[in-house]
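Participant: Quick one: sequence plus predicted model below, questions after.
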Amino acid sequence: MSEPKENVLMEKIVSLCKRRGFVFQSSEIYGGINGFWDYGPLGAELKRNVKETWWSTMTRLRDDVVGLEATIIMAPQIWKASGHVDTFSDPMCDCLLTRKRFRADQIDPQSGVVYHFAGARDAAAGKESPDAFSVLLPPGKPPESARKTAAQFYQTRGLQSVELLGERTEKVENTTRYNPENGAQLTDPRPFNLMLQTYVGPIQSEDNVAYLRPETAQAIFAQFKNVHETSRQKVPFGIAQIGKAFRNEVTPRNFTFRSREFEQMELEFFIKPDEAIEAICGSVATVPESGHPGEPQPNWGWQAWHRYWVEERVRFYEGIGLSRDTLGFHHQTSEELAHYARACTDILFKFPFSKKDETGAVKGDELEGIAARSDFDLSQHERHSGKSMGVFDEELRTAWTKLAPERQSELSSRYHDSRLKYLVKSGVPQEKAEREAKEDAEGLAKGQYIPHVIEPSAGVDRLILALIANAYTEVSSTDEKGKTETRVVMKFHPRVAPVKVGVFPLLKNKPELVAKAREVFQGLRGRFLAFYDDAGAIGRRYARQDEAGTPFCVTVDFDTLGEKPELLGTVTIRHRDDGRQERVPIAGLADWLQARLV
RNA sequence: GCGGGCGUAGCUCAGCGGUAGAGUACUAGUCUUCCAAACUAGUUGUCACGGGUUCGAAUCCCGUCGCCCGCUCCA
């Protein structure tokens, strides 16, 4: 409404996605289901390419990250330990007057006099509202203001000149049932559980409740010990996973951006606590203000690793066609951060629906969050499962014995304090917390600690939408007759483009061109996703491939067959983004393409 | 979930009480030597779904579902 132009762009993108088979509404023939989307032929290829690029960048091309593929349904205790059972089910209530929504547990208790009304009447119009309504009147305010608020309420119910009925008053203390801003009554608190539930086993009882995972990360923490022991990795190292996650969102919105079923690509990168780094290396590396800190170093603490992963992730996005100027960054403030998190940097993409800030600049919406989560997650699972999540670090133990006694006690006491802070915040009784923190500090001296974690967590479907929005380009051209035509070119990076190459005979009614084109197509299809097309004029076929985002089109013409002898056995390659053409021998075609698709 | 807008062919839309149309796309054919050419023929709809009012509903009313915008939330 306020940004009609951008909505139009978004609508065009949604329309193209359906028309060309990138994204369909789930269950469309039954009217659809809110918050669920399917990928059509082109979308499925695009998504697969993106996930494969991520997987190979994160695991296969690195020495220090291994993969995991865990189940969607896990022991419900995992979600208790992670905090999701508690924080994902907020009781919410709405102001009956303004419709504003509140978290029931965040309303400040108030005291005063409550004015109850049984209903209201509009004698002139002959209408009556039987709905009861109450207003809280803080001390010192005139009763008239309560009646005024009530009158406003009944006006929203369709009465014009309001005559209030059945007024009575009541003194209340510390109530949270009224809107702190205007005193209007709130609806009863209703639970908003964002986790999708099911039952494991045939009996649908409370004992059998299980959750569809709301994030993939927890499986990595839960399997940390197994992966650590079997992969021969030593801290620092990471575990990567791609998989579905589910959230019963209140409002799915913005096409696929906020869906109820979505896919994540998450890395949990485990690092040594800073105290261990200091013991081993003497000090923790200082981190440059901006830019990539370079290859990982042994003296990196959490800040260096955090910056490293932010920059690595930006490189990834640049590598699949999202230039830095299409991205945005949000550094969470200390108020925004979860209590256990030390830092979180969000990588944003400037979507067509992204809002402008006060200065008119588009900030963007989140593609990925890179969080420094301390040792919170593994500690939680250690406490809830009773299984140790600590690792033994030979290097640390050796280094510790060589430290001066005052250095030992300084590091030991810092580690003790941060463990104590965590334990107390997690609700462990003070006495027990002090005992456990002391044990943890003694463990550090013997080379034991719970690893800290840096978590780059990306949403696949959001990234697909970003790539589609980024690729969407309109090209207008006017022909001799003065008719202006707008064509869509999807400028995907060749690495992620669904179809890599289109193969056409210049003309369909010349069997020798068709035969040769089929032959070229057969030669390419095993190595690249290739698409053969001979329907319609050549320009039309180019346009069709432009809309699919195919970066290269190969055309077999009469020169291929030797009309000009020097061009025998060559084809025309036409570039999507500028229509440029070049001549390439068929023999070198696959290699030519290969070089441009990585 | 609440408030507002919307839902007609694959897509963009017209029709707004008398029983459904245009452009485009798609299919086949003719033609065509490089950027959505032309011609011919053809396919497509429970007018989102369900109910009601009416002699008659795509059109008016109610409900449901979905999409878009705001509240909310965040991968």
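Facilitator: All right, it came through fine.

Participant: Identify the single longest helix in chain A, thanks.
Facilitator: Under DSSP state H, the helix in chain A containing the largest number of residues is helix A:405-425.

Participant: That one: which residues count as buried?
Facilitator: Buried residues in helix A:405-425, counting neighbours by 16 or more other C-beta atoms under 10 Å, are found at A:Q408, A:L411, A:S412, A:R414, A:Y415, A:H416, A:S418, A:R419, A:L420, A:Y422, A:L423. Backbone N, C-alpha and C define where each C-beta goes, glycine included.

Participant: can you check stretch A:22-40 too?
Facilitator: Across stretch A:22-40, burial judged by 16+ other C-beta under 10 Å covers A:F22, A:V23, A:Q25, A:S26, A:G35, A:W37, A:Y39, A:G40.

Participant: Just these: which are in strands?
Facilitator: Secondary structure from DSSP state E places A:V23, A:Q25, A:W37, A:Y39 of those in strands.

Participant: quick check, nearest of those residues to RNA strand B?
Facilitator: For those, the residue nearest RNA strand B by C-beta to the nearest atom of the strand is A:Q25; the value is 5.8 Å.

Participant: That closest one and A:G31: what is the separation?
Facilitator: Counting by C-beta to C-beta, to the nearest Å, the gap from A:Q25 to A:G31 is 9 Å.

Participant: for A:D357, same thing?
Facilitator: 37 Å.

Participant: Write out the residues of the stretch 451-598 of chain A neighbouring RNA strand B.
Facilitator: Residues of the stretch 451-598 of chain A lying near RNA strand B by C-beta under 7 Å from any atom of the strand: A:457-459, A:461-462, A:477, A:479, A:485, A:487-488, A:506-509, A:535-540, A:542-544, A:547, A:555, A:557-558, A:563, A:572, A:574, A:579-581.

Participant: Just these: which are in helices?
Facilitator: Of these, the ones assigned to helices by DSSP H are A:D461, A:R462, A:I538, A:G539, A:R540, A:Y542, A:A543, A:R544, A:E547.

Participant: Now rank those residues by neighbours and give me the top one.
Facilitator: Ranked by the number of neighbours (other C-beta atoms under 10 Å), those place A:R462 first, at 24 neighbours.

Participant: the bottom helix or strand of chain A by mean pLDDT?
Facilitator: In chain A, no helix or strand scores lower on mean pLDDT, DSSP states H and E than strand A:190-193, which sits at a mean of 65.

Participant: In chain A, what residue comes closest to RNA strand B?
Facilitator: For chain A, C-beta to the nearest atom of the strand, closest residue to RNA strand B: A:G539, 2.3 Å.

Participant: Buried residues of stretch A:204-216, list them for me.
Facilitator: Judged by neighbour count using 16+ other C-beta under 10 Å, the buried positions of stretch A:204-216 are A:A210, A:Y211, A:L212, A:R213, A:P214, A:E215, A:T216.

Participant: for the second one, helix, strand, or coil?
Facilitator: Yep, that's A:Y211 we're talking about. Following DSSP: H, G, I helix; E, B strand; the rest coil, A:Y211 is assigned to strand.

Participant: Surely it touches A:A75?
Facilitator: No: counting by C-beta atoms under 8 Å, A:Y211 stays clear of A:A75, with 9.9 Å between them.

Participant: who does the residue nearest the centre of chain A bridge with?
Facilitator: The centre of chain A sits closest to A:G459, judged by C-alpha atoms, centre = their mean, with a distance of 3.2 Å. Assessed by DSSP bridges, A:G459 has beta-bridge partners A:Q264.

Participant: ok, it - contacts?
Facilitator: For A:G459, the contacting residues are A:F262, A:E263, A:Q264, A:M265, A:E366, A:L367, A:E368, by C-beta atoms under 8 Å, 6 or more residues apart in numbering.

Participant: Can you tell me how far the first one is from A:G447?
Facilitator: Read it as A:F262. From A:F262 across to A:G447, the span is 40 Å (C-beta to C-beta).

Participant: do the same with the third one
Facilitator: When C-beta to C-beta is applied, the distance between A:Q264 and A:G447 equals 34 Å.

Participant: So A:R307 lies in a helix, does it not?
Facilitator: Yes: counting by three-state DSSP, one finds A:R307 located in a helix.

Participant: I'd say it and A:G294 touch.
Facilitator: No: using C-beta under 8 Å as the test, A:R307 is too far from A:G294 to be in contact (10.4 Å).

Participant: Skipping its backbone neighbours, what lies nearest A:R518 in space?
Facilitator: In this structure, A:R518 finds its nearest non-sequential neighbour in A:Y532, 6.9 Å apart by C-beta to C-beta, 6 or more residues apart in numbering.

Participant: give me every residue that touches that neighbour.
Facilitator: By C-beta under 8 Å, 6+ apart, A:Y532 lies in contact with A:G502, A:V503, A:F504, A:A517, A:R518, A:F521.

Participant: What about these, which are in strands?
Facilitator: Among those, the residues falling in strands (DSSP E) are A:G502, A:V503, A:F504.

Participant: What residues are bridge-paired with the first one?
Facilitator: The partner list for A:G502 in beta bridges (DSSP bridges) reads A:F531, A:C553.

Participant: and it, what pLDDT?
Facilitator: Among the per-residue scores, A:G502 holds a pLDDT of 95.

Participant: What ranges does the stretch 451-598 of chain A have for its strands?
Facilitator: A:452-459, A:472-478, A:484-490, A:501-505, A:530-532, A:552-556, A:570-575, A:581-585 (DSSP state E, counting those that start in this stretch).

Participant: and of these, who's closest to A:P138?
Facilitator: A:P138 sits nearest to strand A:452-459 of all the strands of the stretch 451-598 of chain A, at 44.0 Å, using C-beta to C-beta.

Participant: Of A:R307 and A:G294, which one has the most company?
Facilitator: Comparing A:R307 with A:G294 by other C-beta under 10 Å, the one with more neighbours is A:R307, at 23 against 10.

Participant: Which residues does stretch A:268-275 contact?
Facilitator: For stretch A:268-275, the surrounding residues in contact (C-beta under 8 Å, 6+ apart) are A:65, A:217, A:220-221, A:224, A:235-239, A:280, A:284, A:300-302, A:305, A:309, A:375, A:377, A:393, A:396, A:411-412, A:414-415, A:418, A:444, A:449-456.

Participant: is any part of it close to RNA strand B?
Facilitator: No: residues of stretch A:268-275 are not located near RNA strand B by C-beta under 7 Å from any atom of the strand, the shortest gap being 12.9 Å.

Participant: tell me what the longest helix of chain A is packed against?
Facilitator: Applying 3 or more C-beta pairs under 8 Å, 6 or more residues apart in numbering; DSSP states H and E, one finds that helix A:405-425 contacts helix A:274-281, helix A:430-445.
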